[in-house]
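Colleague: this is the structure alone, sequence omitted:
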């Protein structure tokens, strides 16, 4: 859909290491949606004063929250932190 991509920062092991594979898959689907949204939000080359890394954003869906940054010059969304809350067992 766009030139925007996403990646883990600093790397997958530090961001999603130890999470269940399904949760990792959910994070990666969400990361791609965030990259697609950034492509729509930022059309064209950024002005020089907006070409660096954004502030830290967060996005939550269900029991998953992702913290990320957008880098307009690199057209990349950096996923920097993930938190997942397991379902309670009702106890």
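Modeller: Here it is on my side, so go on. These numbers come from a predicted model, not from an experiment. Numbers count the residues shown, from 1 in each chain.
Colleague: residue 70 - how many residues pack around it?
Modeller: 22 (other Cβ atoms under 10 Å). No exception for glycine: its C-beta is placed from N, CA and C like everyone else's.
Colleague: can you give me phi and psi for the nearest residue in space to it that is not next to it in sequence?
Modeller: Distance criterion Cβ to Cβ, 6 or more residues apart in numbering; nearest residue to residue 70, sequence neighbours excluded, is residue 54 at 4.3 Å. Backbone torsions of residue 54, given as degrees, to the nearest 10, read phi -70, psi 170.
Colleague: what's residue 54 in contact with, if anything?
Modeller: Residues in contact with residue 54 (Cβ atoms under 8 Å, 6 or more residues apart in numbering) are 69-72.
Colleague: check these and tell me the two furthest apart.
Modeller: Comparing every pair within the contacts of residue 54 by Cβ to Cβ identifies 69 and 72 as the most remote, at 10.4 Å.
Colleague: which one of these two has more residues nearby?
Modeller: The residue with more neighbours, out of residue 69 and residue 72, is residue 72; 19 against 16, by other Cβ under 10 Å.
Colleague: helices along the chain, start to end?
Modeller: Here the chain has its helices, by DSSP state H, at 12-16, 21-41.
Colleague: picking that back up, please flag which of the contacts of residue 54 sit within strands.
Modeller: 69-71 (DSSP state E).
Colleague: pLDDT below threshold where in the protein?
Modeller: Where the chain drops to pLDDT under 70, the residues are 1-2, 46, 48-51, 89-91.
Colleague: which one of the helices of the chain lies closest to residue 5?
Modeller: Taking Cβ to Cβ, helix 21-41 is the member of these nearest to residue 5, at 5.8 Å.
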